[in-house]
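Engineer: Return atomic coordinates for the entry below.
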Amino acid sequence: MEKLKYALYTGCTARESTPELLKSTIAIAEKLGIELILLDEASCCGASHLQDFDDMLSLTLNARNLCYAEKLGLTMVTICNTCQLNTALTKDRLDNDPELKAKVNEKLAEIGLEYKGTSEVKHFLYALQDDYGYDQIATKVTNPIADINVASFYGCHNIRPSHLQNKTNGGENAYKPTSLDNLVIALGGNAVEYESKNKCCGFHVELQNPQTANRLSGTAMLDAIDNNADMMVTPCPLCHLRMDVQQHGISKEMGRPVDIAILHLPQMVGIALGIDPKDLGLNHNVNQTGLDVK
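Structural biologist: So this is what the prediction gives:
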């Protein structure tokens, strides 16, 4: 197959709070023969918070990031659901509103950039699904995750709103998503069916109401555990932070132990491809139950 090449927008979290996500993304890309060009000039997407404070600044910021992918002539891939939402939403608004696009470009001209709308934006999950193909990934598996029950947690922003995200996520059904489950199966694992796979992890409400955040995370995690999941996997580092790091508080809020390993998407893929656990950053995961981190 023709070698795939993308502009990788890492966002903030994969560079700082979850470096294992960036590390494992690069590791599986190299293993699969996918070329990723890191957009080192790019900045934060606004994390769905700047958007509430200053809409024009948010649009300009995300358009600026897109400009760097456009200059390379490549599709931008994201590895964070919230980055995917904010970048895709910016692109959609600017591509469909010439007046707004002109206002943003007036600002970008101050730093010598122009947003043209020539680069697509998609999450790395859907690049693997639709561009590379799960059948092709399956041929690369050397360490199938057999006999492991994996609960896929999709989160919010990769699948909603559907009218926006369906443009690049293969038409994923927000009510019954399947992309992650199908990837688990391609890697030799058992995909756990549970009701909460497409719910919210509570990350964006954590600062305002940690109790609600813990209950949202806990409900999903216990649903997975009660359906015999051995571990969970998510394509979003914000979901990962909430569910991996906060298990003590979640357990306290839910009134019962919540103890389960949470994998980043590329970590799960990397395990099945036989990549060294150190190269996947598994030692950075807080809950390491059932993980080989040697």
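Engineer: since we're on residue 221, how many residues are nearby?
Structural biologist: 27 (other CB atoms under 10 Å). Just so you know, the C-beta spots here come from the backbone N, C-alpha and C atoms, and that holds for glycine as well.
Engineer: sec struct for it, please.
Structural biologist: Three-state call for residue 221 (DSSP: H, G, I helix; E, B strand; the rest coil): helix.
Engineer: Relative to residue 115, how far out is it?
Structural biologist: Going from residue 221 to residue 115 by CB to CB, to the nearest Å gives 40 Å.
Engineer: Same check on residue 287?
Structural biologist: 41 Å.
Engineer: More neighbours: which of these two?
Structural biologist: More crowded of residue 287 and residue 115, by other CB under 10 Å: residue 115, with 25 against 18.
Engineer: all helices of this protein, in order?
Structural biologist: 19-32, 50-53, 55-72, 81-95, 98-108, 124-126, 134-138, 162-165, 179-186, 210-226, 237-240, 247-254, 265-272 (DSSP state H).
Engineer: just those: most buried one?
Structural biologist: Of all the helices of the chain, helix 237-240 has the most neighbours on average by mean count of other CB atoms under 10 Å, namely a mean of 29.
Engineer: residues in contact with residue 250?
Structural biologist: 214, 217, 218, 221, 243, 258 (CB atoms under 8 Å, 6 or more residues apart in numbering).
Engineer: again, only this time at 10 Å
Structural biologist: Applying CB atoms under 10 Å, 6 or more residues apart in numbering to residue 250 gives the contacts 202, 210, 213-222, 242-243, 256-259.
Engineer: can you put the helices of the chain in a markdown table and add mean pLDDT and distance to residue 292?
Structural biologist: Shown next, in a markdown table, are those (pLDDT from 0 to 100; distance: least, CB to CB, whole Å):
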| stretch | mean pLDDT | distance to residue 292 |
| --- | --- | --- |
| helix 19-32 | 98 | 14 |
| helix 50-53 | 85 | 39 |
| helix 55-72 | 97 | 36 |
| helix 81-95 | 97 | 27 |
| helix 98-108 | 98 | 47 |
| helix 124-126 | 98 | 23 |
| helix 134-138 | 98 | 20 |
| helix 162-165 | 94 | 34 |
| helix 179-186 | 98 | 18 |
| helix 210-226 | 98 | 21 |
| helix 237-240 | 98 | 19 |
| helix 247-254 | 98 | 20 |
| helix 265-272 | 98 | 8 |
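Engineer: got those as JSON lines, with distance to residue 173 columns?
Structural biologist: Listed next are the helices of the chain as JSON lines, based on distance: least, CB to CB, whole Å:
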{"stretch": "helix 19-32", "distance to residue 173": "25"}
{"stretch": "helix 50-53", "distance to residue 173": "26"}
{"stretch": "helix 55-72", "distance to residue 173": "26"}
{"stretch": "helix 81-95", "distance to residue 173": "16"}
{"stretch": "helix 98-108", "distance to residue 173": "30"}
{"stretch": "helix 124-126", "distance to residue 173": "14"}
{"stretch": "helix 134-138", "distance to residue 173": "17"}
{"stretch": "helix 162-165", "distance to residue 173": "8"}
{"stretch": "helix 179-186", "distance to residue 173": "10"}
{"stretch": "helix 210-226", "distance to residue 173": "18"}
{"stretch": "helix 237-240", "distance to residue 173": "19"}
{"stretch": "helix 247-254", "distance to residue 173": "28"}
{"stretch": "helix 265-272", "distance to residue 173": "19"}
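Engineer: All good on my end, thank you.
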